[in-house]
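> Dropping the sequence and predicted coords here.
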Amino acid sequence: MAKILLVEDNEMNRDMLSRRLAKRGHEVVMALDGAEGVTLARTCKPDLILMDMSLPVMDGYEAARNIKANPATQAVPVIALTAHAMSSDRERAMAAGCDDYDTKPIELSRLLEKIDRQLDKKKTSSLLSG
Amino acid sequence: MMTAENFRKLKHELRTPVNHILGYGELVREAANDAGEETMVAVAEHVQQGGRLLAKLLEEGLLPGDEEMDARLEGLSQKLRPVIQQILSAATPSPEPTGFSHHAADLQKICRAARELDALLAAKALTNE
């Protein structure tokens, strides 16, 4: 199971998702804003990041750009969690460097598939790079 | 006519408590299912049904660039508020079934989200008067 960094400012959203992920064996670390998310991405070395895109202090787009620009964290997959299902929001998330996206309300089975896919990709990439 | 930015904010404001109702409904259903609490599973499923209906009504009722958004909001509010009351009723069963106390905190969050949505709709109605 993986260490997942959840960057989400809404307390109930954090509570709901962290409990459901923990129930499935993942270790969940939480950040409340984009700036904290960037810091914890560096210090906690998560296997994957779930990033809400509407965040205070630093939004999810900026946080994703920061994480992907840093050699120490760029390999960590980032899945954007968008409240809006509009294609422009998805495009913006991918342009910021996110590896995938999901829309709220979170359908857990769908999100878990995306998490597994990203973790497999990361593992394969690590094996190939030696 | 409502600006695109204000429309996005409105949609986000209204969807957030609906997402909470759905998410906590799922948490209660899973936990009750694991514990074999059939009545509590049924309670959670009623809550989730209400949550899905709210989400559907919001999706259908909130279309961007709508020049008659104020009138549509009032119509939408009239459809949403009875569903909110149904969710509140489902989340506060009487008498309390077996296992209710294990889920009380999450059911309270569902009620809080439902009341928050109701208050938002009431506030929108007031500003449109």
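Perfect, thanks for sending it. Numbers count the residues shown, from 1 in each chain, chains lettered A, B, ... in the order given.
> Spit out the contact partners of A:N70.
A:A41, A:R42 (C-beta atoms under 8 Å, 6 or more residues apart in numbering or on different chains). All C-beta atoms are positioned from the backbone trio N, CA, C, and that covers glycine.
> residues from chain A in reach of chain B?
Contact residues (C-beta under 8 Å from any C-beta of the partner chain) of chain A with chain B: A:10, A:12-13, A:15-17, A:19-20, A:23, A:54, A:83-84, A:104-106, A:108.
> Buried ones from those residues, can you make that a PyMOL selection?
Typed into PyMOL, the line below selects the buried ones among those, using 16 or more other C-beta atoms under 10 Å in any protein chain shown:
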select buried, chain A and resi 10+12+13+15+16+17+19+20+54+83+84+104+105+106+108
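> center of the chain, which residue is that?
With no chain named, the answer covers chain A. With distances taken as C-alpha atoms, centre = their mean, the residue of chain A nearest its centroid is A:L50 (2.0 Å).
> meant chain B, my bad for not saying
Centre-nearest of chain B using C-alpha atoms, centre = their mean is B:V18, 4.0 Å out.
> Okay, that residue and A:V38: tell me how far apart.
Distance of B:V18 to A:V38, computed by C-beta to C-beta, to the nearest Å: 30 Å.
> can you check A:R117 too?
Distance from A:R117 to A:V38, by C-beta to C-beta: 24 Å.
> B:D70 now?
41 Å.
> B:A71 - how many residues pack around it?
11 (other C-beta atoms under 10 Å in any protein chain shown).
> The closest residue to chain A within chain B sits in which helix or strand?
For chain B and chain A, the shortest gap (C-beta to the nearest C-beta) falls at B:G23, measuring 3.8 Å. If you go by DSSP states H and E, B:G23 is part of helix B:4-34.
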